[in-house]
Every structure is written in structure tokens, then in C-alpha cells.
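Peer 1: Kindly generate the corresponding structure for this input.
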Amino acid sequence: MFSDSIRLASTELLERYRRAGLKIATAESCTGGLVAAALTAIAGSSDVVERGFVTYTNEAKEQQLGVPRLALLSYGAVSEPVARAMAAGALRESLADVAVSVTGIAGPGGATADKPVGLVHFGLARHGHETLAERHVFPGDRDAVRAAALATALALLRRRLD
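Peer 2: Now for the predicted structure:
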């Protein structure tokens, strides 16, 4: 189901989190659960993956993760403030130690002049640390954008331990 590189990255990530005694939560929009799926495709992942949230709509982001309505109205779902709030909310609403969030425009529709297809914002929250955010614009079609977002989310989780 996943490429060899994603399976290897997921396996290594799980092992590093396992050794550190840390649990992960995911908060996903445009990836629709791909990050959680890639991690849980690896046998034994249940001792690291605490839970995943798929919050595709603004209402889900508000209800499940506590993303402020004002942030959604002011900046839009695909924005740094919302990515940060999603990660912080996943951390708050779970028993995880680290949470990653993904929100973007995978296409082919939904783009605006300020927010092109391929724009993806990431958030990364960890107890006792500042919530990080990254912005990327990935080339390609919907599948390519989602695949790049998955790989980037795994890389962010890895870097959080470095």
C-alpha cells in the first residue's frame, strides 16, 4: 500500500519514538489519515501511535481539536495559525506526547490567488516545547501533493526527536 521509502521512514520513526517512550497523535485534513495509516501499517505501532484525528471540515477542526472559529474565519483552514491550533488541539485531546497536523489544498480545485494547489501547512506540538509550523508548496496532482505531505509529516516527527 505504501512505498518502500514510506514504510522504512515509518518503521524507523516508530522505533525512535518507542525508545524515547513517546506517543504520537495526528491531526489531518488534506491527507485524510494517510500519516496515521502509514504509521499503523507497521506491526506493533500501537505502543507509539496514540490516536489520529481526521478533521476535514472546519466544524470538525473546531469540535474535535478546539481550533478557534476566529482563526478559521480570519486565516482560513489552510493557514499557519490553523495548523498550529490543530497540532496543539490533538495534543490536548489525546494522551500523546507529540502531535503533527496537516492542512492544505491537494487540488485539483479549491485554490485561490493566495493559496495555490499544493499549499500545505504543518504543525508540530510537543509537551513542554514551542509549537512549530512549516509551509510548503508541493508540485503535481492530488496524489503527488498528498504523498509529499505524508513524507513531510513523517520527517517533521523525526526532526522533533533530533
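Peer 1: hey, let's count contacts and neighbours off CA atoms from now on
Peer 2: Fine.
Peer 1: all strands for this protein, in order.
Peer 2: 24-28, 49-54, 98-104, 119-126, 132-137 (DSSP state E).
Peer 1: so who does the closest residue to Val120 other than its chain neighbours touch?
Peer 2: If the residues on either side of it in the chain are set aside, Val120 comes closest to Gly104, at 3.9 Å by C-alpha to C-alpha, 6 or more residues apart in numbering. If a contact means C-alpha atoms under 8 Å, 6 or more residues apart in numbering, then Gly104 has 29-30, 77-79, 118-121 as its contacts.
Peer 1: So which residue is dead centre in this structure?
Peer 2: By C-alpha atoms, centre = their mean, the mean C-alpha position of the chain lies nearest to Ser101, the distance being 2.8 Å.
Peer 1: That one and Tyr17: what is the separation?
Peer 2: According to C-alpha to C-alpha, to the nearest Å, Ser101 and Tyr17 sit 17 Å apart.
Peer 1: per-residue confidence at Leu70?
Peer 2: The predicted local distance difference test score for Leu70 is 98.
Peer 1: Other residues contacting stretch 27-35?
Peer 2: Defining contact as C-alpha under 8 Å, 6+ apart, one finds that stretch 27-35 is touched by 26, 52-57, 86-87, 90, 99-106, 146, 149-150, 153-154.
Peer 1: Any stretches of the chain with poor pLDDT?
Peer 2: Counting by pLDDT under 70, the chain shows no low-confidence range.
Peer 1: Just confirm Thr26 contacts Asp97, I think it does.
Peer 2: No: under the criterion of C-alpha atoms under 8 Å, Thr26 is not in contact with Asp97, lying 11.1 Å apart.
Peer 1: Those two: which has the busier surroundings?
Peer 2: Thr26 (29 against 20; other C-alpha atoms under 10 Å).
Peer 1: What residues are bridge-paired with that one?
Peer 2: Under DSSP bridges, the beta-bridge partners of Thr26 are Gly52, Val100.
Peer 1: Start and end of stretch 102-121, how far apart?
Peer 2: Between the opening and closing residues of stretch 102-121 there is a gap of 6 Å (C-alpha to C-alpha).
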